[in-house]
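Colleague: Got a predicted structure plus its sequence, pasted below:
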Amino acid sequence: MSGIGRIVLQELRDRPNTTAEIAELCSISREDVLLHLRNLNNHVKRLLGYEQDAITVSSTGAWRADGIAGLLRLNSQVELEVVPKFLDESSTTWRLDFFLLAVLVKTGHLLMHDDITAGAQDRGDLATLIARSFLTLYADNQRRPIRGYKRVQRADYALDGDIEWETLVLPEPDGFRMSRLELTQQNPYNATLAAAVAVLIPEVTDGDTQAQLKAIARALAPQLPPPAIFPSLPQRHSAMQRVYDLARLIVEGLGLDLKGGTFAGPGFVLSTWSAWQSLCEELVRRALPDHKVIGQKRWLLGYRGTEPVYATPDISPLVGSTAEFLLDAKYKTRLERKPSISSSDVYEALAFLRAAEASQISLLYPSVRSVIDLPLGEWIEFDRVNVDSLAIEGFEIQVQGISRRGGFDDIVAGARRALIPKLNLP
């Protein structure tokens, strides 16, 4: 990927003169730059189900990303790295934080190893980080390759296998036709691993990483084409589950596959608000292991004629069939002199409380404070609305540094400290 320029955008923050900068970098007109951006926005809208453009341009040429984060290819010469608003683009760990979050959201479990941090910290792009993660996970299990028996047909004069007897009289030029079972690594699982390696090799910037990927490609060859639908990995190969899951994400492009013109490259992109919702649900589930934590539970609010009307908070921790309190993941606060809960969020929260017959709800927002002001995992209440006996709390949660050693455990512990006092313990 030498010669490819990288433009970094911080979500919800204007980046001045971006159109002109890209036009000069690519030696094309500003109109062509905007055309490339329109094509990219159309891809993102289709793949994430958005109605509005994820990246907008002002009249002065400033670019602004809203609702997405990750690595996107604009054209054959420029890629965009979009940093979520709750991660610091100046931090050396934001890519690690983002990748951990992306994999958690896409697979429901963590693939990150602590020892990847040391190897990836000084490699400044997401593609190389993902490749290093893949190499680490593959190396952990390469002594237990995914193999299986396959019936193969061949012709030979040395008899070894089940012979097609009619060829004994009239053998083919290459010998007698036989079929036999062979232990082979040609299967859809290894085909997925090989396809992931093929995607990564031209994308990484680090020579050593690229060489290791090529070694894996040689070890897996020859291989079948990747399957159109990825099959579940058999239980006997469960040790390879994490690297297989990651390979699927690489082949799928974490939701984005851009192809057109003279370039074809993967994108690693996710919806930021959806990712935040998934992360909050996972945190609450781990922080309250004794509760049944239900995501998107429908509570009956009332009726429209004879049709029921439901209210659906993001997170409902249950004791039996009742919720002691509710939680709802939010992404944007009302920005004035200080953050506050918007009126629409207050009305929605009241509907949740009434439907679930609960008395308190916590609205969870990603913190944009520095880790100096708010340490990893800490919750801070920034607003509170009381309506009779009902309480609506607005919390900021710090997740910067989630990928550091023990970082995820820190944010689970922070969630537990914040939530335990809300329980009606005996």
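Modeller: Received, thanks.
Colleague: Longest helix in the protein, by number of residues?
Modeller: Criterion DSSP state H: the longest helix present in the chain is helix 30-48.
Colleague: what helices or strands is that one leaning on?
Modeller: When contacts are defined as 3 or more C-beta pairs under 8 Å, 6 or more residues apart in numbering; DSSP states H and E, helix 30-48 packs onto helix 18-26, strand 55-57, strand 68-73, strand 256-260, strand 263-271. Using the backbone N, CA and C atoms, a C-beta is placed for each residue, glycine as well.
Colleague: Quickly, which of the ones you listed bottoms out on average pLDDT?
Modeller: Among those, strand 256-260 has the lowest mean pLDDT, at a mean of 50.
Colleague: Which parts of the stretch 51-200 of the chain are strands?
Modeller: Assigned strands in the stretch 51-200 of the chain, in chain order: 55-57, 63-65, 68-73, 78-83, 148-156, 162-163, 176-184 (criterion: DSSP state E, counting those that start in this stretch).
Colleague: Pick out the shakiest of those, pLDDT-wise.
Modeller: Looking at these, the bottom one is strand 162-163 with a mean of 58.
Colleague: show me the contacts for Leu374.
Modeller: The contact partners of Leu374, taken as C-beta atoms under 8 Å, 6 or more residues apart in numbering, are Ser367, Ile380, Glu396, Gln398.
Colleague: tell me which of those residues is nearest to Tyr244?
Modeller: Gln398 (32.5 Å; C-beta to C-beta).
Colleague: thought that closest one was touching Ser370?
Modeller: No - with contact defined as C-beta atoms under 8 Å, Gln398 does not reach Ser370; the gap is 9.0 Å.
Colleague: higher neighbour count, the two?
Modeller: Per other C-beta atoms under 10 Å, whichever of Gln398 and Ser370 has more neighbours is Gln398, with 24 against 13.
Colleague: Model confidence for the more buried one, exactly?
Modeller: On pLDDT, Gln398 comes in at 95.
Colleague: roughly how far out does stretch 187-204 sit from the chain middle?
Modeller: A distance of 18 Å separates the centroid of the chain from that of stretch 187-204, by C-alpha atoms, centre = their mean, to the nearest Å.
Colleague: so what's the residue nearest to the spatial centre of the chain closest to, chain neighbours aside?
Modeller: Central residue of the chain (C-alpha atoms, centre = their mean): Ala102, 2.2 Å from the mean position. Nearest residue to Ala102 in three dimensions, chain neighbours excluded: Leu270, at 5.3 Å (C-beta to C-beta, 6 or more residues apart in numbering).
Colleague: And for Ile294?
Modeller: Ser316 (4.7 Å).
Colleague: average pLDDT for whatever helix or strand that neighbour lives in?
Modeller: Using DSSP states H and E, Ser316 falls within strand 315-319. Strand 315-319 shows a mean pLDDT of 94.
Colleague: Name the strands paired with the helix or strand just after it and say parallel or antiparallel.
Modeller: Using DSSP H and E, the helix or strand that follows strand 315-319 towards the C-terminus is strand 322-323. Strand 322-323 sits in its sheet next to strand 315-319 (antiparallel), going by DSSP bridges.
Colleague: where's the helix or strand where Val284 lies relative to the chain centroid, distance-wise?
Modeller: In this assignment (DSSP H and E), Val284 forms part of helix 272-287. Relative to its parent chain, helix 272-287 has a centroid offset of 12 Å by C-alpha atoms, centre = their mean.
Colleague: What segments of this protein are helices?
Modeller: 18-26, 30-48, 94-107, 114-120, 126-139, 166-169, 188-200, 207-220, 241-252, 272-287, 343-356, 407-419.
Colleague: what helices or strands is the fifth one leaning on?
Modeller: In this case it means helix 126-139. With contacts taken as 3+ C-beta pairs under 8 Å, 6+ apart, helix 126-139 sits against strand 68-73, helix 94-107, helix 114-120, helix 188-200, helix 207-220, helix 241-252, strand 263-271.
Colleague: And for the closest residue in space to Leu233 that isn't next to it in sequence, the neighbour number?
Modeller: Spatial nearest neighbour of Leu233, excluding adjacent residues (C-beta to C-beta, 6+ apart): Tyr244 at 5.1 Å. Residues lying near Tyr244 (other C-beta under 10 Å) number 24.
Colleague: who's in contact with Tyr244?
Modeller: The contact partners of Tyr244, by C-beta under 8 Å, 6+ apart, come to Tyr189, Thr192, Leu193, Leu233, His237.
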